[in-house]
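**Q** Predicted model, plus sequence, below.
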Amino acid sequence: MAALTTKRKGVLMRILIGLIVTILLIIVLFQSFGIEYTRTYLVKKVHSETNGRYVLVLNELDFTVLGGTAHLHGMEFKRDTAIDAYVGELLLDKFDIHAKFTSLDVTSFKFFRFVFFNRINVSDLRLLDPYVTITKNRDYVEEEDARSGDSETFSAIPENTPAELADSAALQELHEATREFFPPISVDNLSILGGSFAFFGGVVDYPIQKADGLNLQLKGIYYEDGKRIYTAEDLSFEVDSASTLVSQNMAKLSFKGLHVSTSAIHIDRLHYWNVISPAEVNRIKGFRASWLNIGVNDIDLPFVDVEKMIEDSSILIPMLSIDKVNLHFFKHKYEKRINPDYKALPQELIRGIPFRFALDSLVVKNASLLIEMLAVDAALPGQLTLDTSRLTLTNVTNIPSRIKVDSVMELNLTTKLMREAPASVNFKFDLSSDDLGYNTILQAGPMRADLLNDLIGSQVFIEFRSGYIDRIDLRYHGNKRANVGRMDFEYTNLRMRKLENAEQYMEDQPKGGVLSSVANVIIPKNNTPDMKKYFQGLVYYEREYNRDFIHGMIMSLVSGMMSTLGLGIQNEEKVQKKLNALNDQSMQESAELAQRKADQADQDRVNDWEKKKRQKKKEEDKAERKAKKKDEGEKNAKKKNKDNGR
């Protein structure tokens, strides 16, 4: 019995050895003669599987089945424009893809797992000089539409939208198609060197998104069912330059010199600007909106634990340093409609961040701001400038444990008003406050009064003839209902007049003469602390539902000035009475008022259009009558000459 068992074991061993030798022989033969066959097979397979729509070029291929290593050199995947047949895969049909790279190296590729389970498992993947261009196929027709004979192609661009606005829906389509296209992928170590990417919406000849000089080192990435999971251990990410259209494709965001590691982030330059005119921004949004141009240089986030932020799904930034910021805002005030939507206070914006967030300190070393406002009848905008500004912001967070320790978020700004006058602003926001309370201190001066003429000249068409503003000291407490406080507005020899040199702003002379004359009579010439009649202005501004806190600060400043000049609230009892009357219903009433104003602005727009239409028809009729009269005159003259000739 024992001999029989030993004999059977010997047979089994010989069979096992024979199988191993056969497998090894097949592998050796396949390794020797199968590489060229495999390369040719892949090229033909891609062509047949895509119905000839795409072509694969592969200059060199080398791999080992047992080791799971592969090397591809000089690969290119591109569209055959002579073929109109569809693949049956949305990503390859809705978009034309052109991809190539210099080399691809893979180690520990699980060959059989890919063959039998359609899963890609790789230990190391190194990609050199990848280049990917994706263009929306504007000729794509859904299969159901093709069968029904409806060949109209899809575009989400609204009617009359400027040509430079690419179709934002195309980018969303790309994300959805990509999510459904790729099989499950697991890569232990990913390396990309010299990458570039561009996405075209198929409408204009420049890309919606673009990136050049991309270098990436990433340990651990997993992708399945549209979900990405990755770790940031040994993370290194660099991009020479990149850009993307944002804000409904009305603006572009670009950056240069992005460097990301596990402990720091740096950006050489960040730039955001509207790619269309201010008038087009208003027209598309349907209300008075700001046209923006923002440039930021040298952004540094040192001591950032990127790996921990990814693991905890939170953003924790100890310090953010920015060397230089240039901001340019432009508003066309001919658009009467103000956006009726609610404008949140800073505390509400921070609470609304959908993840744990904390920024301990933000420092902007040098900032400049230019605000331009074009009044309805003005040809040139009024300007407000802040220059050589320094800004600090501390304790920005929505994490309850941090707010419990320190609930005050503080913003400090020092600047030069109109490039000359010293000014500063301090905000302290209570992050734990139920009524969204905050305190504001604004100080400015001394300055010549005529420094403000560039701003007020084109808005109310009067200007300061003389005067000196010694000091502005505005202090108020604000919350979700109102701003209440006091203001010192000290000035000497203040006088106004109708705007001179009005042609710089408008064709016709302004109507500010009476206003400036009345103002000179009513407004005291001087207001200094050594005067018996010196008056400290009262500040009262009821918060408007659809206005932000910066607008509230400006209106509080105006309130304090008007009170000082004798044109506003003069006693505290009246302020307290108004404040006591405010309740939660007041914000609802403010919301309804904002909507009524917006509706009225819409009606005014229609009325203005109809008025212009009637005026145009009137002018056309007048021109037609004039032309007809001229023709009759010429006919009569010819007839008279003819009669005289007889």
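**A** Okay, I see it. Please read these numbers as outputs of a predicted model, since none were measured by experiment. Numbering: from 1, shown residues only.

**Q** Can you list the low-confidence ranges for the stretch 1-150 of the chain?
**A** Within the stretch 1-150 of the chain, the stretches with pLDDT under 70 are 1-34, 63-68, 111-118, 142-150.

**Q** Try it again at 80.
**A** The model of the stretch 1-150 of the chain has pLDDT under 80 over residues 1-39, 41-42, 61-70, 108-121, 141-150.

**Q** can you give me the helices for it?
**A** Counting by DSSP state H, counting those that start in this stretch, the stretch 1-150 of the chain has these helices, from start to end: 2-49, 90-94, 111-117, 143-148.

**Q** ditto for the chain
**A** Applying DSSP state H to the chain gives helices spanning 2-49, 90-94, 111-117, 143-148, 168-181, 278-285, 306-312, 346-351, 400-405, 453-460, 513-522, 549-564, 572-581, 584-645.

**Q** Provide a list of residues in contact with residue 238.
**A** Residue 238 is in contact with 213, 214, 215, 216, 258, 259, 260, counting by C-beta atoms under 8 Å, 6 or more residues apart in numbering. From N, CA and C alone the C-beta is placed, and that goes for glycine too.

**Q** Pull the number of nearby residues for the first one.
**A** Meaning residue 213. As a burial measure, residue 213 scores 16 neighbours (other C-beta atoms under 10 Å).

**Q** per-residue confidence for it?
**A** The model reports residue 213 with a pLDDT of 94.

**Q** In contact with it, which residues are there?
**A** Counting by C-beta under 8 Å, 6+ apart, residue 213 makes contact with 194, 195, 196, 238, 239, 240, 241.

**Q** And the third one, by the same measure?
**A** Each residue near residue 215 by C-beta under 8 Å, 6+ apart is listed here: 192, 193, 194, 195, 236, 237, 238, 239.

**Q** quick one: the fifth one and residue 216 touch, right?
**A** Going back to what we said before, that points to residue 236. Yes. Counting by C-beta atoms under 8 Å, residue 216 is a contact partner of residue 236 at 7.2 Å.

**Q** Can you tell me which of the contacts of residue 215 comes closest to residue 277?
**A** Taking C-beta to C-beta as the measure, residue 277 lies nearest residue 239 of the contacts of residue 215, at 29.9 Å.

**Q** Quick one: residues contacting the closest one.
**A** Shown in contact with residue 239 (C-beta under 8 Å, 6+ apart): 211, 212, 213, 214, 215, 255, 257, 258.

**Q** Over to residue 376?
**A** Contacts of residue 376 by C-beta under 8 Å, 6+ apart are 333, 334.

**Q** on that earlier part again, which one (most neighbours) among the contacts of residue 215?
**A** For the contacts of residue 215, counting by other C-beta under 10 Å, the largest number of neighbours falls to residue 239: 21 neighbours.

**Q** ok, how many other residues are close to the closest residue to residue 466 other than its chain neighbours?
**A** Leaving aside its sequence neighbours, residue 466 sits nearest to residue 495 (C-beta to C-beta, 6 or more residues apart in numbering; 4.8 Å). Taking other C-beta under 10 Å as the criterion, the count of residues near residue 495 is 14.

**Q** Surely residue 495 and residue 465 touch.
**A** Yes. Contact criterion C-beta under 8 Å: residue 495 and residue 465 qualify, at 4.6 Å.

**Q** Residue 319 - how many residues pack around it?
**A** Applying other C-beta under 10 Å, we find 14 residues neighbouring residue 319.

**Q** Which residue is the nearest non-sequential neighbour of it?
**A** With sequence-adjacent residues excluded and distances taken as C-beta to C-beta, 6+ apart, residue 319 is closest to residue 361, at 4.8 Å.

**Q** ok, residue 343 - contacts?
**A** By C-beta under 8 Å, 6+ apart, the contact list for residue 343 reads 545, 546, 547, 548.

**Q** Now it: closest residue in space, sequence neighbours ignored.
**A** Using C-beta to C-beta, 6+ apart, the nearest residue to residue 343 is residue 548, at 4.4 Å.

**Q** Lowest average confidence across helices and strands of the chain, where is it?
**A** Least confident helix or strand of the chain, by mean pLDDT, DSSP states H and E, is helix 143-148 with a mean of 46.

**Q** how deep is residue 304 tucked in, by neighbour count?
**A** Residues lying near residue 304 (other C-beta under 10 Å) number 21.

**Q** Retrieve the pLDDT associated with it.
**A** For residue 304, the pLDDT comes out at 76.

**Q** same deal with residue 244?
**A** In this model, residue 244 is scored at 87, pLDDT.

**Q** when you give positions from now on, start the count at 744
**A** Sure thing, new numbering starts at 744, so read that last one as residue 987.

**Q** okay, now it: neighbour count?
**A** Counted with other C-beta under 10 Å, the neighbours of residue 987 add up to 17.

**Q** Repeat that for residue 1187.
**A** When neighbours are defined as other C-beta under 10 Å, residue 1187 has 19 of them.
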